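**Student:** fold the following for me, if possible:
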Amino acid sequence: MTNGISDPTNALAIYRRGIFLVLLGSLCSSWIGLGVRMMESATAWQLLVYRSIGLVVFLLVVISLRNRGRISQAFRDAGPASWVGGLGLAAAFSGGILAMDYTSVANAMFLLAGAPFLAAIMGMVVLKEPVRPATWIAIASAMAGIFIMVGAGVSFGSIWGNLAGLCGAVGLAVFITALRWGHMSDMLPLNVIAGLFGLALACAVCFLSGDGIAVSANDLFVALSMGAFQLGLALVFITLGSRSVPAAELSLLTMAEIVLAPLWVFLVFGETAGTLTLIGGGLVLCAIAGDALTGLRERRRAR
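**Tutor:** This is a model prediction of the structure:
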């Protein structure tokens, strides 16, 4: 009698659950635009300071509840993958912000959209995870969709902005690969480490620039809430879902955030999206749905 993930029927259910959790995490992550629009005067780095604090506190509470107060044991169990992934996610945080400071948002988004391609390669080389042909097609389609969404603003004029965007994409791919590397352990400590690295970097930038970390009560509340309920919840769901979803597919699923973020801003603040944004976003969603459906179909055949 078989059980666990060696049972094809159970493996299908676990894979389906993983897809659902990662998409749920992407949904939470896509609320970032709402938080940014609610800020009054805080800079991007000041936002990162307090968002990181909210993230770390929230995740420590979650880890404590999941491990019955044995927080230090959870960090030891996570192993070296948590430190590698933590550095990668911190690079993704800071790379994205720097890219948007030095170049256009369109450039930054297009460069960060390369993360699924990089994660697929890292997954094959480091983890020996095969990438399905359907996933390669979906990644290419999703990148094409992102280009349609932001292509009009892509100019690649700033070398520092481009390097920061590439750094963010590599960091995100490293984060996803590390999640898969340590998927047999609870990898939530990885996200705490990323939050601490991000906090240290953001504080350093704020003080060196002369801006300091003083913000209004509104900005403080919004940033802390974003750390806990936008980014914190997202990372909890994505981390749990990563246990059963290969790196290439995992990174592709997280791209749903890019499509959903403008939708919430439109619904809440009435900011309209252009025709190309809608067309490109539709292509990205079709790529994500197509990859998920083909993955489920292949696992049903295995069952």
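**Student:** tell me the SS of the residue nearest to Phe93 when sequence neighbours are not counted?
**Tutor:** Nearest non-adjacent residue to Phe93, counting by CB to CB, 6 or more residues apart in numbering: Gly198, 4.6 Å away. In this view, the C-beta of every residue, glycine as well, is placed from N, C-alpha and C. Assigned with DSSP: H, G, I helix; E, B strand; the rest coil, Gly198 falls in the helix class.
**Student:** count the neighbours of Gly198 for me.
**Tutor:** Other residues within reach of Gly198, judged by other CB atoms under 10 Å, total 27.
**Student:** need the contact list for it.
**Tutor:** Contacts for Gly198 (CB atoms under 8 Å, 6 or more residues apart in numbering) come out as 48, 52, 89-90, 93-94.
**Student:** one more: Met109?
**Tutor:** For Met109, the contacting residues are 146, 149-150, 258, by CB under 8 Å, 6+ apart.
**Student:** can you check Leu233 too?
**Tutor:** Applying CB under 8 Å, 6+ apart to Leu233 gives the contacts 25, 28.
**Student:** right, and Ala44 touches Ala99 too?
**Tutor:** No. Counting by CB atoms under 8 Å, Ala44 sits too far from Ala99 to count as a contact (10.8 Å).
**Student:** give me the more crowded residue out of those two.
**Tutor:** Legend: neighbour count by other CB under 10 Å for Ala44 and Ala99, higher for Ala99 (28 against 15).
**Student:** so Ala223 sits right up against Ser216, yeah?
**Tutor:** No. Using CB under 8 Å, Ala223 makes no contact with Ser216, being 10.3 Å away.
**Student:** can you get me a residue count around Val222?
**Tutor:** Around Val222 there are 25 other residues, counting by other CB under 10 Å.
**Student:** try the one 4 residues further on
**Tutor:** As a burial measure, Met226 scores 24 neighbours (other CB under 10 Å).
**Student:** please name the nearest non-neighbouring residue to it.
**Tutor:** Leaving out its chain neighbours, the residue that sits closest to Met226 by CB to CB, 6+ apart is Gly35, at 4.1 Å.
**Student:** burial measure for that neighbour, as a count.
**Tutor:** Number of residues near Gly35 (other CB under 10 Å) recorded here: 19.
**Student:** in which helix or strand does it reside?
**Tutor:** helix 32-38 (DSSP states H and E).
**Student:** how far off centre is that helix?
**Tutor:** Relative to its chain's centre, helix 32-38 lies at 16 Å (CA atoms, centre = their mean, to the nearest Å).
**Student:** now that helix: average pLDDT?
**Tutor:** On average, the pLDDT along helix 32-38 is 86.
**Student:** ok, now stretch 267-287?
**Tutor:** In this model, stretch 267-287 carries a mean pLDDT of 82.
**Student:** give me the three-state assignment for the closest residue in space to Ser209 that isn't next to it in sequence.
**Tutor:** Using CB to CB, 6+ apart and skipping the chain neighbours, the partner closest in space to Ser209 is Trp45 (7.4 Å). Under three-state DSSP, the three-state class of Trp45 is helix.
**Student:** was I right to think Trp45 contacts Phe93?
**Tutor:** No. Using CB under 8 Å, Trp45 makes no contact with Phe93, being 10.6 Å away.
**Student:** give me the more crowded residue out of those two.
**Tutor:** Neighbour totals were compared for Trp45 and Phe93, and Phe93 leads with 26 against 22 (other CB under 10 Å).
**Student:** residues in contact with stretch 258-278: which ones?
**Tutor:** For stretch 258-278, the external contacting residues (CB under 8 Å, 6+ apart) are 26-27, 30-34, 37, 109, 113, 146, 148-149, 151-152, 281, 284-285.
**Student:** and Arg70, what pLDDT?
**Tutor:** pLDDT, Arg70: 88.
**Student:** how much space between it and Ala287?
**Tutor:** Relative to Ala287, Arg70 is positioned 41 Å away (CB to CB, to the nearest Å).
**Student:** do the same with Met226
**Tutor:** 27 Å.
**Student:** I figured Leu21 was touching Leu250, is that so?
**Tutor:** No. Checked against CB under 8 Å, the pair Leu21 and Leu250 is beyond contact range at 10.4 Å.
**Student:** between those two, which one's more packed in?
**Tutor:** Leu250 (26 against 21).
**Student:** the more surrounded of Arg70 and Ala287?
**Tutor:** Between Arg70 and Ala287, counted using other CB under 10 Å, Ala287 has the larger neighbour count: 25 against 13.
**Student:** is it true that the more buried one touches Gly145?
**Tutor:** Yes. Counting by CB under 8 Å, Ala287 does reach Gly145; the two are 6.5 Å apart.
**Student:** one step back: in helices only, show me the contacts of Gly198.
**Tutor:** Applying DSSP state H to those, the entries found in helices are 48, 52, 89-90, 93-94.
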